[in-house]
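Student: missing the sequence, but the structure's below:
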């Protein structure tokens, strides 16, 4: 009885860890591979901060820019946001989409 309970408990922990890992992997994939990418038109500031080189200030500027000017038509338009240089854009290009 105890052995069965321990086995069930261990199996449930393994399954939870596998689910967590799968979500992390999906989140890290990029649009070039036809998988998950951050939509710069609907992402929250918290989601934008997960992008490399995008901190709290830049994330807030992106959201503010979007509210004032409407959605980004192309991902390259992200460079219109103050603080997004061409170099920074190249860093996040494969991780974003404008849809």
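Tutor: Cool, the structure landed. Small disclaimer: the values here were computed from a predicted structure and weren't measured.

Student: could you list every residue that touches residue 99?
Tutor: Going by CB atoms under 8 Å, 6 or more residues apart in numbering, residue 99 touches 39, 41. Where you see a C-beta, it was placed from the backbone N, CA and C, and this is true even at glycine.

Student: quick one: it from residue 86, how far?
Tutor: Noted for residue 99: a distance of 22 Å to residue 86, by CB to CB, to the nearest Å.

Student: do residue 56 as well
Tutor: Counting by CB to CB - residue 56 and residue 86 are separated by 22 Å.

Student: Following element in sequence after the helix or strand of the chain with the lowest mean pLDDT, please.
Tutor: Lowest mean confidence among the helices and strands of the chain (mean pLDDT, DSSP states H and E): helix 2-28, at a mean of 40. Next helix or strand after helix 2-28 toward the C-terminus (DSSP states H and E): strand 38-39.

Student: what's the following helix or strand after that next one?
Tutor: helix 45-48.

Student: Mind giving me the packing neighbours of the helix or strand just after that next one?
Tutor: Counting by DSSP H and E, the next helix or strand C-terminal to helix 45-48 is helix 56-69. Judged by 3 or more CB pairs under 8 Å, 6 or more residues apart in numbering; DSSP states H and E, the packing partners of helix 56-69 are helix 45-48.

Student: Check which residues of the helix it packs on are buried.
Tutor: For helix 45-48, a neighbour-count test (16 or more other CB atoms under 10 Å) marks 45, 48 as buried.

Student: What is it packed up against?
Tutor: Counting by 3+ CB pairs under 8 Å, 6+ apart, helix 45-48 packs on helix 56-69.

Student: Provide a list of residue ranges in the protein with pLDDT below threshold.
Tutor: By pLDDT under 70, the low-scoring segments of the chain are 1-35.

Student: Would you map out the domains in it?
Tutor: The chain breaks down into these domains under automatic domain parsing: 1-30, 37-99.

Student: State the number of residues packed around residue 74.
Tutor: 7 (other CB atoms under 10 Å).

Student: For the nearest residue to it once chain neighbours are set aside, which residues are in contact?
Tutor: Excluding the flanking residues, the one nearest residue 74 by CB to CB, 6 or more residues apart in numbering is residue 98, at 5.8 Å. Neighbour list for residue 98: 39-41, 71-75, 77-78 [criterion: CB under 8 Å, 6+ apart].
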